[in-house]
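Visitor: have a look at this prediction, sequence included:
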Amino acid sequence: MLNDDTANLKSHLKDLRANLAQTGNVDDELQSLLQQLDGDIRSLLERRNAEAQAESDPYGLSERTQELTARFAVEHPRLEPALRELGRMLANMGI
């Protein structure tokens, strides 16, 4: 069973993807970086759930989220708060 943090993270990722789709003018490089981050987070969550481990290798996801947040703050200020929240959630989960 998913814990609250994981469920909240998955919900937040879903909302972020929907907001990104509505923006529609995200450059290809940034879109690719976001897709890679999303895939890495999903993979990590699936592995954590499957292995039922309390400890995992963070793969720098929180740091990568912070870097993308800085880029979004300039190019897409409406989406930046959602990425900032994602980074906070990952950090709180130890990811």
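Guide: Looks like it arrived, so ask away. Numbering: from 1, shown residues only.

Visitor: contacts and neighbour counts: CA atoms only from here.
Guide: Noted.

Visitor: can you list the buried residues in stretch 85-95?
Guide: Buried positions in stretch 85-95, judged by neighbour count with 16 or more other C-alpha atoms under 10 Å: E85, L86, G87, R88, M89, L90, A91, I95.

Visitor: just the ones in helices from those residues, please.
Guide: E85, L86, G87, R88, M89, L90, A91 (DSSP state H).

Visitor: rewinding a little: how about the buried residues of stretch 85-95 in a markdown table, adding distance to T6?
Guide: A markdown table is the format used below for these (distance: C-alpha to C-alpha, whole Å):
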| residue | distance to T6 |
| --- | --- |
| E85 | 14 |
| L86 | 11 |
| G87 | 13 |
| R88 | 13 |
| M89 | 9 |
| L90 | 9 |
| A91 | 12 |
| I95 | 11 |
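
Visitor: quick one: which two of those are the most distant?
Guide: Farthest pair in these (C-alpha to C-alpha) is E85 and I95. Separation: 13.5 Å.

Visitor: how near is N25 to L45?
Guide: 29 Å (C-alpha to C-alpha, to the nearest Å).

Visitor: where in the protein is pLDDT low?
Guide: The chain contains residues with pLDDT under 70 at 1-2, 49-59.
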